[in-house]
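Visitor: the following comprises the amino acid sequence and a computationally predicted model.
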Amino acid sequence: MTLRATPQELRQWRKYLADERAEAAVYRDLAGRRSGEEREILLALAAAEGRHEAHWVALLGDDIGKPMRGDLRTRILGFLARRFGSVFVLALAQRAESRSPYDRDRHATDAMAADERIHEEVVRGLAARGRSRLSGTFRAAVFGANDGLVSNLSLVLGVGAAGVSNATVLLTGIAGLLAGALSMGAGEYVSVRSQRELLDASATGTGAQTALQFLDVDANELTLVYRARGMAEAAAVDKARQVLGDLPATGDSTLETDQVDRHEAVGTGIGAALSSFCFFASGAVIPIIPYLFGMTGGTAVVVACLLVGIALAGTGSVVGLLSGASPLRRALRQLAIGFGAAGATYLLGLLFGTALA
């Protein structure tokens, strides 16, 4: 049955058609950079977008007109997918799926609206794999840069507001950079090493492994091991029976439960320390750039705040993209926190400067 569509509806359908084609192309481009299961999942998503495309083609019929371009977000997504194919693109795709208008459009089927909601979760799952791989050193890098930006801007503005010379402000900024970067690197190394050592301490001991073949099957104290690890009593009994039952046939077994090794997600101590040092230093150098070029007074303060504001907005946007949240909101949050801390220190510097005058 042919629908009597208004010109506005036809334009909207053509836009939907263009967006579906663009999104399918994004998933195909991403699949071209993947292999195995991830590739199959991305190609299946592209096929689903193709079904949605066919729906709008059927509705438009002879009114399909000239092909339109997808919206700007989808075109940017396609550009990034073709050139990078990274977790950033998947995070953007996750946000794009969450904005689907199909549940509010009577011309889209319930199945199409449901598809889009499920696609968001599928892409979220794919993006989560990349996020877990980045979580160690990337976390140290992002927070190191932010700490450098905020702490050294606060230090420079606070000291400058007290009325000291330009040379003193610059020296203070350089000292803050080195002290903060070394402290961040050392702290991150200790933190990651301690976490890895705690994980190692929770691993199964070799002595327990060799004792399996000598256990009293009737007493079955192996059950206590699994109960201590959090298993329910019935599940622990079944697991212990399975392990001990396998021993006569294989001569070997293992105490390990279905626990995930978190070492990769934690990262390495040296990698995290180097990331923290370098990124803290790269952030901390930005507030002192105007002083390095000989600027003084209010001009140096304005330029320092402008440079730091750009950097804070950038790091906030990156965190927003990776988390699948709004980059703008995360950027504004970073700006508010950073300038709030720097403003408080600047006011304290003014008070000390007035008191010492």
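Guide: Cool, the structure landed.
Visitor: and stretch 91-109, how far out from the chain's middle?
Guide: 22 Å (C-alpha atoms, centre = their mean, to the nearest Å).
Visitor: buried sites along it?
Guide: By neighbour count on 16 or more other C-beta atoms under 10 Å, the buried set for stretch 91-109 is 91-97, 100, 102, 108. Just so you know, the C-beta spots here come from the backbone N, C-alpha and C atoms, and that holds for glycine as well.
Visitor: just those residues now: which is nearest residue 38?
Guide: Residue 38 lies nearest to residue 93 out of those, by C-beta to C-beta, at 13.0 Å.
Visitor: does the closest one really touch residue 125, like I thought?
Guide: No: if you go by C-beta atoms under 8 Å, residue 93 and residue 125 don't touch, sitting 11.8 Å apart.
Visitor: export only the CA atoms of stretch 51-70, formatted as CSV.
Guide: Output of stretch 51-70 as CSV, limited to C-alpha atoms (Å, rounded to 0.1, in the frame of the first residue of the first chain):
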residue,chain,number,x,y,z
ARG,A,51,17.6,-3.8,6.4
HIS,A,52,16.7,-0.4,7.7
GLU,A,53,17.9,1.2,4.5
ALA,A,54,15.6,-1.1,2.5
HIS,A,55,12.6,0.0,4.6
TRP,A,56,13.1,3.7,3.7
VAL,A,57,13.7,2.8,0.0
ALA,A,58,10.4,0.9,-0.1
LEU,A,59,8.5,3.8,1.5
LEU,A,60,10.0,6.4,-0.8
GLY,A,61,9.4,4.4,-4.0
ASP,A,62,9.6,6.6,-7.0
ASP,A,63,10.2,9.6,-4.7
ILE,A,64,13.6,8.5,-3.6
GLY,A,65,15.3,11.4,-5.5
LYS,A,66,19.0,12.0,-5.6
PRO,A,67,21.1,10.4,-2.8
MET,A,68,21.6,12.7,0.2
ARG,A,69,24.6,12.8,2.4
GLY,A,70,24.4,11.5,6.0
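Visitor: how about residues contacting it?
Guide: For stretch 51-70, the surrounding residues in contact (C-beta atoms under 8 Å, 6 or more residues apart in numbering) are 2-3, 5, 10, 13-24, 75, 78, 107-109, 112, 115.
Visitor: swap the cut-off to 7 Å and go again
Guide: 2-3, 10, 13-22, 24, 75, 107, 109, 112 (C-beta atoms under 7 Å, 6 or more residues apart in numbering).
Visitor: sorry, back to before: filter the buried residues of stretch 91-109 down to the ones in helices?
Guide: With helices taken from DSSP state H, the overlap with the buried residues of stretch 91-109 comprises 91-97.
Visitor: name the nearest of those relative to residue 282.
Guide: residue 91 (23.1 Å).
Visitor: from residue 328, how far off is that closest one?
Guide: Separation of residue 91 from residue 328 (C-beta to C-beta, to the nearest Å) stands at 14 Å.
Visitor: so residue 164, which state does it fall into?
Guide: coil (DSSP: H, G, I helix; E, B strand; the rest coil).
Visitor: need the pLDDT of it.
Guide: At residue 164, the predicted lDDT confidence score is 82.
Visitor: near it, how many other residues are there?
Guide: For residue 164, the neighbour count with other C-beta atoms under 10 Å is 15.
Visitor: my read: residue 193 touches residue 269, true?
Guide: Yes: between residue 193 and residue 269 there is a contact under C-beta atoms under 7 Å: 4.2 Å.
Visitor: and these two? Which one has more around it.
Guide: The neighbour count for residue 193 versus residue 269, taken as other C-beta under 10 Å, is higher for residue 269 (19 against 16).
Visitor: tell me how far that one lies from residue 191.
Guide: Residue 269 is 8 Å from residue 191, by C-beta to C-beta.
Visitor: follow-up on the earlier one: let's have the buried residues of stretch 91-109 in TSV, adding pLDDT and distance to residue 54.
Guide: Output for these, formatted as TSV (pLDDT from 0 to 100; distance: C-beta to C-beta, whole Å):
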residue	pLDDT	distance to residue 54
91	72	28
92	70	25
93	75	21
94	74	24
95	72	25
96	72	20
97	75	19
100	81	17
102	86	14
108	87	13
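Visitor: want to throw these into JSON lines with distance to residue 288?
Guide: Formatted as JSON lines, the buried residues of stretch 91-109 follow (distance: C-beta to C-beta, whole Å):
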{"residue": "91", "distance to residue 288": "33"}
{"residue": "92", "distance to residue 288": "34"}
{"residue": "93", "distance to residue 288": "39"}
{"residue": "94", "distance to residue 288": "38"}
{"residue": "95", "distance to residue 288": "36"}
{"residue": "96", "distance to residue 288": "40"}
{"residue": "97", "distance to residue 288": "43"}
{"residue": "100", "distance to residue 288": "47"}
{"residue": "102", "distance to residue 288": "51"}
{"residue": "108", "distance to residue 288": "55"}
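Visitor: which regions of the stretch 201-350 of the chain lie under the pLDDT threshold?
Guide: Low-confidence segments of the stretch 201-350 of the chain, defined by pLDDT under 70: 201-222, 244-268, 321-325.
Visitor: same thing but at 90, please
Guide: Within the stretch 201-350 of the chain, the stretches with pLDDT under 90 are 201-280, 294-301, 314-331, 334, 337-338, 341-350.
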